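1. With the sequence up front, the predicted model follows.
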Amino acid sequence: MKEEIIKIIAGIAEVPEKGINENTNLLADLDLESLDLVTLISEIETKYELEIPDKEIKKIQTVGDIINYLSSHV
C-alpha cells in the first residue's frame with residue numbers, strides 16, 4: 001500500500017517517487033495546493049473504494065498520515 005500511495009502522490013506533485021517517504025509533508029515539502037489535495041484524496045478514495053470524511057482529511061499532513069488512515073480503514 002505504501003508504494004501505491006507514494007506513486008499517486010508523486011504523480012500529482014510531479015516529483016520523483018524516491019524523494020517521498022512517510023515523513024514527507026504534503027504542503028511544506030511537496031508544495032501541494034488545495035486543488036492538488038482534493039485530487040489526491042479523490043484518487044485515494046477511488047482506488048481504495050472508501051470515503052474519507054472532511055474532518056479526517058483536515059488531519060492529514062504527511063504521507064504517513066495517509067498510510068495510517070488507510071491501514072485502519074481498508
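-> Cool, got the structure. Numbers count the residues shown, from 1 in each chain.
2. which residues sit in contact with the closest residue to residue 19 other than its chain neighbours?
-> Spatial nearest neighbour of residue 19, chain neighbours left out: residue 10 (7.9 Å); criterion: C-beta to C-beta, 6 or more residues apart in numbering. In short, each C-beta sits where N, CA and C put it, glycine included. Residues in contact with residue 10 (C-beta atoms under 8 Å, 6 or more residues apart in numbering) are 16, 17, 19, 20.
3. all strands in the protein, in order from the N-terminus.
-> Under the criterion DSSP state E, the chain carries no strands.
4. how distant is the longest helix along the chain from the center of its chain?
-> Ranked by number of residues, the top helix in the chain under DSSP state H is helix 34-48. Relative to the centre of its chain, helix 34-48 is centred 7 Å away, using C-alpha atoms, centre = their mean, to the nearest Å.
5. what packs against it?
-> helix 2-13, helix 63-73 (3 or more C-beta pairs under 8 Å, 6 or more residues apart in numbering; DSSP states H and E).
6. Ranking helices and strands of this structure by mean pLDDT, which lands last?
-> Least confident helix or strand of the chain, by mean pLDDT, DSSP states H and E, is helix 54-57 with a mean of 94.
7. got the buried residues for that one?
-> Buried residues in helix 54-57, counted by 16 or more other C-beta atoms under 10 Å: residue 57.
8. can you list contacts of that helix?
-> 37, 41, 69.
9. I figured the first one was touching residue 31, is that so?
-> Read it as residue 37. No. Using C-beta atoms under 8 Å as the test, residue 37 is too far from residue 31 to be in contact (11.3 Å).
10. out of those two, which sits in the more crowded spot?
-> A side-by-side neighbour count of residue 37 and residue 31, using other C-beta atoms under 10 Å, places residue 37 first with 15 against 12.
11. any idea of the pLDDT on the more buried one?
-> The model reports residue 37 with a pLDDT of 95.
12. any idea how far residue 25 is from it?
-> 12 Å (C-beta to C-beta, to the nearest Å).
13. again with residue 6
-> For residue 6, the distance to residue 25 equals 14 Å [C-beta to C-beta].
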